[in-house]
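Student: One predicted model, sequence on top.
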Amino acid sequence: MYGKYQHTVDAKGRLFVPSKFREELGEAFYVTLGTDTCLTIYTQDSWDVILSKFNALPLSQAQKMRFFFANACKCEPDKQGRFLLPQELRDYAGLRQEVKFIGQGDRAEIWDAERYDELEKEQLSPAFVLKSLEELGI
């Protein structure tokens with residue numbers, strides 16, 4: 001998945017899946033805590049990989065994933081492409097009415113639109129892009 005798309009959280013806490021992501025996400029996907037102040041969306045295949053790795057961890061390591069799984073929700077969009085995003089997840093990511101979906105390869109992120117715009121304004125520069133690409137060996 002790639003690109004960024006702005007959508008609105010409705011009064012019932014529902015979001016539209018960006019049309020560009022609908023086919024890639026499929027009929028069901030998972031949303032949970034992101035590593036920044038955002039939420040992460042995983043396809044069923046990506047979620048299965050995470051579960052497989054998690055299930056192979058020793059119990060002492062698996063406990064580190066407690067909140068990741070406790071706050072995960074399986075989302076199944078309705079015929080209009082809307083899905084319910086639980087209040088706890090909206091609170092974690094500080095989501096207000098306007099949100100941005102950000103493609104991240106095999107997953108996506110949901111950000112509060114204002115917060116994402118501020119981050120992009122701070123970090124988006126040719127020097128940052130070049131440094132990031134070099135660090136990745138691209």
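Tutor: Received, thanks. What you see is a predicted model, and the numbers here were worked out from it, not measured in a lab.
Student: And the spatially most central residue of the chain, which helix or strand is it part of?
Tutor: Per Cα atoms, centre = their mean, the C-alpha nearest to the average position across the chain is that of T40, at 2.1 Å. When secondary structure is defined by DSSP states H and E, T40 falls within strand 39-43.
Student: Let me know the next secondary structure element after that strand.
Tutor: On the C-terminal side of strand 39-43, the closest following helix or strand by DSSP H and E is helix 44-55.
Student: Now do that following helix against strand 39-43, angle only.
Tutor: On the basis of axes from the mean of the first three to the mean of the last three Cα atoms, to 10 degrees, helix 44-55 is oriented at 100 degrees to strand 39-43.
Student: Pull the CA coordinates from helix 44-55 and hand them back as PDB.
Tutor: What follows is helix 44-55 as a C-alpha-only set of coordinates in PDB (Å, rounded to 0.1, in the frame of the first residue of the first chain):
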ATOM      1  CA  GLN A  44      -5.000 -10.800   7.200                       C
ATOM      2  CA  ASP A  45      -1.700 -12.200   5.800                       C
ATOM      3  CA  SER A  46       0.400  -9.700   7.700                       C
ATOM      4  CA  TRP A  47      -1.500 -10.400  10.900                       C
ATOM      5  CA  ASP A  48      -1.000 -14.100  10.400                       C
ATOM      6  CA  VAL A  49       2.800 -13.500  10.200                       C
ATOM      7  CA  ILE A  50       2.800 -11.500  13.400                       C
ATOM      8  CA  LEU A  51       0.800 -14.200  15.200                       C
ATOM      9  CA  SER A  52       3.100 -16.900  14.000                       C
ATOM     10  CA  LYS A  53       6.100 -15.000  15.300                       C
ATOM     11  CA  PHE A  54       4.300 -14.100  18.500                       C
ATOM     12  CA  ASN A  55       3.400 -17.800  19.100                       C
END
